[in-house]
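Enquirer: Here is my input, please return the structure:
(4 chains)
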There are 2 protein chains.
Amino acid sequence: MTIEQLIVKDDEKRAKIFKALSEVKRIEMIRYLHHNRDNNTCGAIVKSMGMDKSNVSYHLKILYEADLVSIIRNGQNKNGQLREDTFTEFLPGFLDSL
Amino acid sequence: MTIEQLIVKDDEKRAKIFKALSEVKRIEMIRYLHHNRDNNTCGAIVKSMGMDKSNVSYHLKILYEADLVSIIRNGQNKNGQLREDTFTEFLPGFLDSL
DNA sequence: ATAATAATTTGAAAGTTTTAAAACTATTTA
DNA sequence: TAAATAGTTTTAAAACTTTCAAATTATTAT
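Expert: Prediction:
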């Protein structure tokens, strides 16, 4: 792989992260997860943000695919957690600015 | 204006910035402008990036509308300059990571 | 004035994203 | 095993984005 290809690949990763953060609803979900680390199931997001559950699923998947959130099943529930590693690498300072 | 409305407004600004950066071509344009501060006309971008000129105009406008770039006419040419203030406020560290 | 050069706008086609309802799958509880 | 709960997938419509060619506007040079 050439240096140019590595740069393009990194840009695709960046673009994916930025696209994931390019909707107000998803920024709000990130803020919610940042401030509610103990109440972070899909259902909690549905309830507190007044969104349709299929829509929460859809948006969470986009955040997951951009490596911004990890999702861990816990019984019936799934818990979403921010991926500090990705934020640190690509958006240092962003979470604190929320 | 309530605090909630201010937060939403800020989120809209953030979302606009992230949307502007959510395309590889626009990230490449930002990188180009970052590294070629003296050769920053639309034509220079067209030439060096091999894009259609109407397309460069379109993408530059999106960056401009997100306050990421300022555009100054200089005779027949227009020069694009990165808006350090916006990058510093919303994406500290980003330009250096390019 | 006319031609040449630089950039923008328009319009149409192709592609992508968002939304919400309904159907579905997985897990727990009775 | 059946019902309840949590979350996902599918589908289709509406809204939005990207591309490129052609027409247009603005500026400079002859």
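Enquirer: Stretch A:80-94: end-to-end distance?
Expert: 18 Å (CA to CA, to the nearest Å).
Enquirer: quick one: it near chain B?
Expert: Yes: legend: contact between stretch A:80-94 and chain B by CB under 8 Å from any CB of the partner chain is shown at A:Phe90, A:Leu91, A:Pro92, A:Gly93, A:Phe94. C-betas here are computed from N, CA, C, even on glycine.
Enquirer: now, which of the residues you listed sits nearest A:Ala66?
Expert: Nearest to A:Ala66 among the residues of stretch A:80-94 next to chain B, counting by CB to CB, is A:Phe90 at 9.4 Å.
Enquirer: in the residues of stretch A:80-94 next to chain B, which two residues are the furthest apart from each other?
Expert: Among those, A:Phe90 and A:Gly93 lie farthest apart (CB to CB), at 10.9 Å.
Enquirer: Between those two, tell me which one has more neighbours.
Expert: A:Phe90 (20 against 13; other CB atoms under 10 Å in any protein chain shown).
Enquirer: Work out for me the element the residue nearest to that one when sequence neighbours are not counted sits within.
Expert: Using CB to CB, 6 or more residues apart in numbering or on different chains and skipping residues adjacent in sequence, the residue nearest A:Phe90 is A:Ile17, 5.5 Å away. Using DSSP states H and E, A:Ile17 falls within helix A:3-20.
Enquirer: chain center to stretch A:91-98: distance?
Expert: Centroid separation for stretch A:91-98 versus its chain: 13 Å, with CA atoms, centre = their mean, to the nearest Å.
Enquirer: what's the distance between A:His59 and A:Lys19?
Expert: 12 Å (CB to CB, to the nearest Å).
Enquirer: now the helices: where do they sit in chain A?
Expert: A:3-20, A:24-35, A:42-49, A:53-65, A:84-90, A:94-97 (DSSP state H).
Enquirer: what about the residue nearest to A:Ser97 when sequence neighbours are not counted, distance to DNA strand C?
Expert: Closest residue to A:Ser97 apart from its sequence neighbours, by CB to CB, 6+ apart: B:Phe90 at 7.5 Å. Per CB to the nearest atom of the strand, to the nearest Å, B:Phe90 is found 19 Å from DNA strand C.
Enquirer: A:Cys42 now?
Expert: The value you get for A:Cys42 to DNA strand C, if CB to the nearest atom of the strand is used, is 12 Å.
Enquirer: Verify the contact between that residue and A:Tyr58 for me.
Expert: No: using CB atoms under 8 Å, A:Cys42 is not in contact with A:Tyr58, being 10.9 Å away.
Enquirer: If anything else comes up later, I'll come back, but that's it for now.
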